[in-house]
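> Need a 3D model of the following:
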Amino acid sequence: MAKNYCVICGKLIEEEYIECNECGAYMHRDCIDEEVLSDAVGNILCPSCALRAALDWADHILSLYAHSIRGEDREELRDKLKTLLNALS
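Okay, the predicted model is just below:
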C-alpha cells in the first residue's frame, strides 16, 4: 500500500484525513480550516485548489466589472494583488 502524506504539513497520513474534492490530495483533518478551504457547496479543497477557485472567481468579477472599479480602489486592489503574488515567490 502506498504511503500518503498531508499536502499541508508534509507528514505521513496515519489516521483521520480528508481528500481534496478537486484533486484528491490528502490532508490531516487537524491541518485544515474547513471554513477557509470549503467551496460554495461545502466541498473541502486543498490550499492550491481553493486558491485556484478564488482566482477564477476574481477573474470572473474583473471580466464583468473592471470598468466600474474606481481609481483609488484600483490602486488598492493592484497593491494587494502584488503583495499576494510576492507571497508565492
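> biggest helix in the protein, by residue count?
When the chain is parsed with DSSP state H, its longest helix is helix 47-65.
> Now find how far off-centre it is within its chain.
10 Å (C-alpha atoms, centre = their mean, to the nearest Å).
> Check which helices and strands it sits against.
Contact partners of helix 47-65 among helices and strands, from 3 or more C-beta pairs under 8 Å, 6 or more residues apart in numbering; DSSP states H and E: none. All C-beta atoms are positioned from the backbone trio N, CA, C, and that covers glycine.
> now it: mean pLDDT?
Here helix 47-65 scores 94 as its mean pLDDT.
> Can you name the next helix or strand after it?
helix 71-87 (DSSP states H and E).
> could you check the angle helix 71-87 makes with the longest helix of the chain?
160 degrees (axes from the mean of the first three to the mean of the last three C-alpha atoms, to 10 degrees).
> what comes up buried for helix 47-65?
P47, C49, A50, A53 (16 or more other C-beta atoms under 10 Å).
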